[in-house]
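In: Just a sequence and a predicted model for now, questions to come.
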Amino acid sequence: MSIARFWRETPRRYNLGGSRCTQCGTVYFPPRAVCPNCTHHRQSIEKMVPFQLSGSGEVFSYTVVHEAAEGFEMQVPYVVALVRTEEGPILTGQVVDVDPAEVRIGLKVRATFRKLREEGRAGVIHYGYKFAPAEESAPVRSPGPSATAVPGVPAAPDRAST
Ligand SMILES: [Zn+2]
């Protein structure tokens, strides 16, 4: 990606600014000028409004990368995931702050802004979003009892057959 293109895209890469169709409510990231969901596309042209994604979502699919792309040598293995955001759009990004072995489908994550890569001799540093586990789903290390009641599933019978 050229430097010029990078900077042009920087604002939305930083703030996850998308767009939302006020006709049907669908959210798009990157933002779109027309909603492909609405049958009368032209009607949606005037109905697209800027929309700020929260950055919260969950892992929809992921892959563990063992062979680094140029510029990522220090980071292998790393996880690249498709994250389905709360608002709907699916984003691609690296998952950080978690052991690759602990990443799983359904893991709650949150966008965080990090250095993506450093560009060779020019020393240009690119920033963008990555994903880190959301606090509430961070791996629990304590081995304490975590038996949660499952509705509809009866507890072990006390009155064993006699
Ligand atoms: Zn629409």
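Out: Now that the structure is in, tell me what you want to look at. Numbers count the residues shown, from 1 in each chain.
In: what residues does the chain put near the ion?
Out: By Cβ under 5 Å from the ion, the part of the chain that sits against the ion consists of 21, 23-24, 35, 37-38, 44. For every residue, glycine as well, the C-beta is placed using N, CA and C.
In: Where do the strands of this structure begin and end?
Out: Under the criterion DSSP state E, the chain contains strands at 17-21, 27-28, 48-52, 56-65, 78-85, 90-95, 108-119, 124-133.
In: Flag every buried residue along the fourth one.
Out: In other words, strand 56-65. Buried residues in strand 56-65, defined by neighbour count with 16 or more other Cβ atoms under 10 Å: 57-60, 62, 65.
In: Among the residues you listed, which has the minimum pLDDT value?
Out: For the buried residues of strand 56-65, the weakest pLDDT value sits at Val65, with 87.
In: For the spatially closest residue to that one that is not a sequence neighbour, list the residues it contacts.
Out: Nearest residue to Val65, sequence neighbours excluded (Cβ to Cβ, 6 or more residues apart in numbering): Tyr78, at 5.3 Å. Applying Cβ atoms under 8 Å, 6 or more residues apart in numbering to Tyr78 gives the contacts 64-65, 68, 72, 94-96, 100.
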